[in-house]
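Enquirer: task: produce atomic coordinates for the following.
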Amino acid sequence: MTTTTLAVLVPLLPFLGAVAGLLLGRTAPGFVRPLAVLPTLTSLVLATLVAARQGGDAAVNAATELTPTGSVPIELALHIDGFAALVAVLVGLVASCVQIYSTGYLRDDPRYPSYAALVSLFTSAMLLVVYSGDLIVLLVGWEVMGICSYFLVGHYWETPEARAASLKAFLVTKLGDVPFLIGLFALAADAGSFRITRVLGAVASGSLDHPTLIALLLLAGVAGKSAQFPLHTWLPDAMAGPTPVSALIHAATMVAAGVYFIARLLPLFEASQAAMVVLAVMAAVTMAGSALAALAQDDIKRVLAYSTIGQLGYMSGALAVGDRGAAVFHLLSHGAFKALLFLAAGVIIHAAGTNSLAAMSRMRNLRDRVPDAYWTMTVALLALAAIPPFSGFFSKEAVLGVAEHVVTGHTEHAPAAAGWIVLVAGLLTAVLTAAYAMRLWLLAFRGRGAEAPDHGRQPLTMTVVLWVLAAPSLALGGFAFRLLPDWFDGRDLSPTLTTSVLGTGVALVGGIVTYGAWRHTTALTARVPLGAVAAHPEGDAAQVEAEAIATHKPAYGDIAYAPDPGRLLLGPLHRHAAAGFHMDAVYRALFVRPVQAGASLVRFLDREVVETYVRGAGALPRWLGAAVRRAQTGNVQTYVSALLAGTVVLAVAVVLVATGA
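Expert: Sure thing, here's the model as predicted:
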């Protein structure tokens, strides 16, 4: 079987599994789980074979024109280079793990058949994006992922949080997709083709007329899809969906699509110095802001959501300094340890029996109750904090190293300003990342919150997946930085001494300071009284704890809570960071309220002006008809009298006219 045939089957199999799952979900429920797992696993095997055959050599290209569309044809095209081959393997691995994990996590969910089918469709759409050689076909996968995320985030549609989160995710990403679509058509108009190879050829020849405008339009779509500032606000709220969905979205699909898109078309962005600086600023603000927000969250999944936003900022930063190898390297390592983090968090939530007990301030004695999640999540958090020799260290250092090269003038692929922005923001984010990773570990596994009911041992399918993902989280970086240059652009991905020392040093400082703050708050606080929680306006134990810390008056009672070092570290900034720096309030003021006001004005004009005119136009004939109807009495004498009166009036009028004449 040829490489092209294998590549076609990679996205096709999950799609067929999704269709079969939807058709047989109710009539043959026994086939639902095999139809969810087997096509995705087979797709993973085929993607691995495609990667082995491609081997980092020349890209595999194939195309067939779908239908004549005029001057700019649309083609069903494949373009599989080293980046595409490895990212497809990551997508297949994470999707397979999520499908296997979900058979245990959602084993009692009545809507599991539709859920599994949507996950398969989601996977197929991302694989289409990865392998596509035509921008319109890529756009199809891009938009299918958007609608899948809407349904999957809103899986628990009975809850208002899930309904609001799914709608928000859809609308915010669509806000970026509108300029993205305009940018794609503008790019095709300049290049004369939607084929990625021809577009890149046009960029290389300098035949694009508006590279800056096109790049900025495309960045808007990337910001929405990959949750970059300022279109990042949908991702933390998307945690209302099932935890395996969060793992899939954050690790291998949806948010990775934007970063992958820039990596695929990086020469286009490099053609505009302004676009590279904008990308660097966007990445820097995203990195630092999301890390601060993560340090203030109480819900374990929201911490991980803001963490994803920050790590995507690292990838965008690598692209802003012109190195897609470092960006995709971090994409691969992040996909492994972030999927592990979310699935381990799912084990924790599953142990508590409900998604509502994801608040870390309420956790207690989880180390002994979920040992598999404890050990594997520890590995993933160390990788997230970029502690050597875990995978995150090597990939994050690749990003910082290339930023240093730009700053020191060793490369001219990006402006020096972009290098400084990415390097400074990356080091600051490294401190904060280690801090919130340590905080999560302390609150989740050494917490002193309320004892949640023990729901027994977790299904084997859930715990096995954790250990499968722990292997690349631990060992991927150690050999990948030596092998990946052959698959990418040949640039060195080895850690540099300066950024390795700085990055590891600040990470250790962040973790140690957080541990010290946790010990300090532990000494200051004890237990929250039932009366205090009941009397609090929101009944929030964590808020009562914060007030107790602020006044140095520990409270005592029957409901336990965990001391939070994040409050001590952030101080007055904590309240704003916990609210995501009020970005939702800004959007409400800038967009939602004006739109609502405009809608109210249109409604007023429609009801009070347009409808009044319409009602008036209909009322006049109605009144005339009523008047005529009153004259139709059926009395002959009345008709004769009216005729006589009319005759007299006409006679008088004739006489007056004749006299006047």
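
Enquirer: tell me how far the top helix by length along the chain is from the chain's mean position?
Expert: Using DSSP state H, we find that the single longest helix of the chain is helix 160-191. Put simply, helix 160-191 sits 12 Å off its chain's centre (Cα atoms, centre = their mean, to the nearest Å).

Enquirer: ok, stretch 147-163 next?
Expert: On Cα atoms, centre = their mean, the centre of stretch 147-163 falls 14 Å from the chain's centre.

Enquirer: same check on stretch 415-435?
Expert: That offset, for stretch 415-435, works out to 22 Å (Cα atoms, centre = their mean).

Enquirer: now do the buried residues in that stretch.
Expert: 415, 418-423, 425-435 (16 or more other Cβ atoms under 10 Å). Glycine gets a C-beta too; all of them are placed from N, C-alpha and C.

Enquirer: contacting residues for residue 331?
Expert: By Cβ atoms under 8 Å, 6 or more residues apart in numbering, the contact list for residue 331 reads 87, 90, 256, 259, 260, 315.

Enquirer: buried residues in the helix or strand hosting residue 519, which are they?
Expert: Secondary structure from DSSP states H and E places residue 519 in helix 497-524. Neighbour counts using 16+ other Cβ under 10 Å place 499-500, 502-504, 506-507, 510-511, 513-515, 517-518, 521 of helix 497-524 among the buried residues.

Enquirer: how about the strands in this structure?
Expert: 60-67, 74-80, 527-528, 559-560 (DSSP state E).

Enquirer: any chance of those in TSV, plus mean pLDDT, mean neighbour count and distance to residue 110?
Expert: Conversion of the strands of the chain to TSV gives the following (pLDDT from 0 to 100; neighbours: other Cβ atoms under 10 Å; distance: least, Cβ to Cβ, whole Å):
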stretch	mean pLDDT	mean neighbour count	distance to residue 110
strand 60-67	83	14	39
strand 74-80	90	22	38
strand 527-528	46	24	37
strand 559-560	42	18	33
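
Enquirer: could you export those strands to TSV, including columns for distance to residue 654?
Expert: What follows is those, written out as TSV (distance: least, Cβ to Cβ, whole Å):
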stretch	distance to residue 654
strand 60-67	80
strand 74-80	82
strand 527-528	103
strand 559-560	103
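
Enquirer: for residue 595, find the nearest of those.
Expert: For residue 595, the closest of those is strand 74-80, at 33.9 Å, according to Cβ to Cβ.

Enquirer: follow-up on the earlier one: filter the contacts of residue 331 down to the ones in helices?
Expert: Those of those mapping onto helices are 87, 90, 256, 259, 260, 315, per DSSP H.

Enquirer: looking at it, residue 71 is touching residue 192, isn't it?
Expert: Yes: in this structure, residue 71 is within contact of residue 192 by Cβ atoms under 8 Å, at 7.5 Å.

Enquirer: the more surrounded of those two?
Expert: residue 192 (14 against 8; other Cβ atoms under 10 Å).

Enquirer: so that one makes contact with residue 199?
Expert: No: counting by Cβ under 8 Å, residue 192 does not reach residue 199; the two are 9.0 Å apart.

Enquirer: tell me where the stretch 101-250 of the chain has helices.
Expert: For the stretch 101-250 of the chain, applying DSSP state H, counting those that start in this stretch gives helices covering 112-131, 135-153, 160-191, 196-205, 211-225, 234-237, 243-251.

Enquirer: a markdown table please, covering those helices and showing mean pLDDT.
Expert: Shown next, in a markdown table, are the helices of the stretch 101-250 of the chain (pLDDT from 0 to 100):
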| stretch | mean pLDDT |
| --- | --- |
| helix 112-131 | 95 |
| helix 135-153 | 94 |
| helix 160-191 | 93 |
| helix 196-205 | 93 |
| helix 211-225 | 95 |
| helix 234-237 | 93 |
| helix 243-251 | 93 |
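
Enquirer: which of those sits closest to residue 480?
Expert: The nearest among the helices of the stretch 101-250 of the chain, by Cβ to Cβ, is helix 243-251 at 16.3 Å.

Enquirer: please save the CA atoms from that closest one in PDB.
Expert: Taking C-alpha atoms only, helix 243-251 is exported to PDB below (Å, rounded to 0.1, in the frame of the first residue of the first chain):
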ATOM      1  CA  THR A 243     -12.400  15.900  31.400                       C
ATOM      2  CA  PRO A 244     -11.300  13.600  28.500                       C
ATOM      3  CA  VAL A 245     -12.600  16.200  26.100                       C
ATOM      4  CA  SER A 246     -10.400  18.800  27.800                       C
ATOM      5  CA  ALA A 247      -7.400  16.500  27.400                       C
ATOM      6  CA  LEU A 248      -8.200  16.100  23.700                       C
ATOM      7  CA  ILE A 249      -8.700  19.800  23.000                       C
ATOM      8  CA  HIS A 250      -5.700  21.000  25.000                       C
ATOM      9  CA  ALA A 251      -3.200  18.300  24.000                       C
END
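
Enquirer: quick one: contacts of that helix?
Expert: Residues from elsewhere that reach helix 243-251, judged by Cβ under 8 Å, 6+ apart: 90, 94-95, 97-98, 101-102, 105-106, 119, 122-123, 149, 152-153, 155, 235, 238-239, 254-255, 301, 304-305, 308, 334-336, 338-339, 342-343, 345-346, 349, 355.

Enquirer: please consider this matter closed, and thank you.
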